[in-house]
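this one's structure only:
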């Protein structure tokens with residue numbers, strides 16, 4: 001009795017075949033991937049596309065199966081959500097780029113300009129000019145001094161002067 005009322009309620013709500021509704025949802029979600037700004041975090045990249053493809057899979061199942069057609073809309077949505085979640089967990093890690101850490105081949109650099117205490121100067125490292133800052137914020141490093149590169153923070157190298165390590 002209850003399933004008959006649910007079936008009648010779902011059939012009167014939309015005169016369109018449910019597969020057509022799912023195709024429209026799939027196309028909207030899939031095309032929204034093109035409209036998202038490039039500033040979207042990488043954790044959410046390809047999510048609308050995956051959800052749109054899953055909506056198209058639900059539409060295909062509704063179109064090809066008479067049994068699936070009789071399922072209420074709430075269960076169709078639940079099936080789509082579970083399929084989207086499974087595909088997101090399974091497929092999305094394939095698209096994400098893994099962070100690669102590169103070690104410096106050389107750790108020595110030469111200052112091009114003075115590095116004032118707590119400020120940024122320039123060093124020549126691996127043949128290029130880099131912005132550099134001293135590890136000790138209270139220490140200044142004169143120009144044309146040999147320094148050692150400790151790490152990189154963004155585009156700035158963190159360095160220490162050579163005499164500091166020779167002690």
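The structure has been received and is ready for your questions. This is a predicted model, so every value here is computed, not measured.

Surely residue 26 is in a helix?
Yes - if the criterion is DSSP: H, G, I helix; E, B strand; the rest coil, then residue 26 is within a helix.

Report the buried residues of the biggest helix by length in the chain.
Longest helix in the chain, counting residues (DSSP state H): helix 73-95. Across helix 73-95, burial judged by 16 or more other C-beta atoms under 10 Å covers 76, 79, 80, 83, 84, 92. All C-beta atoms are positioned from the backbone trio N, CA, C, and that covers glycine.

and for that helix, what are the contacting residues?
Applying C-beta atoms under 8 Å, 6 or more residues apart in numbering, the set of residues contacting helix 73-95 from outside is 10, 13, 18, 22, 45-47, 50-51, 53-55, 57-58, 62, 68, 71.

again with stretch 17-34
14, 46, 48-49, 51-56, 58-60, 62-63, 69, 73, 76, 80.

count of neighbours near the residue nearest to residue 141 when sequence neighbours are not counted?
Closest residue to residue 141 apart from its sequence neighbours, by C-beta to C-beta, 6 or more residues apart in numbering: residue 115 at 4.2 Å. Neighbour count of residue 115, defined by other C-beta atoms under 10 Å: 25.

Can you give me the neighbour number for residue 64?
By other C-beta under 10 Å, the residues close to residue 64 number 10.

pLDDT wise, what is it at?
pLDDT, residue 64: 79.

now it: how far from residue 58?
Residue 64 is 11 Å from residue 58, where distance means C-beta to C-beta, to the nearest Å.

Now do the buried residues in stretch 26-45.
Counting neighbours by 16+ other C-beta under 10 Å, one finds that the buried residues in stretch 26-45 are 26, 29, 30, 33, 45.
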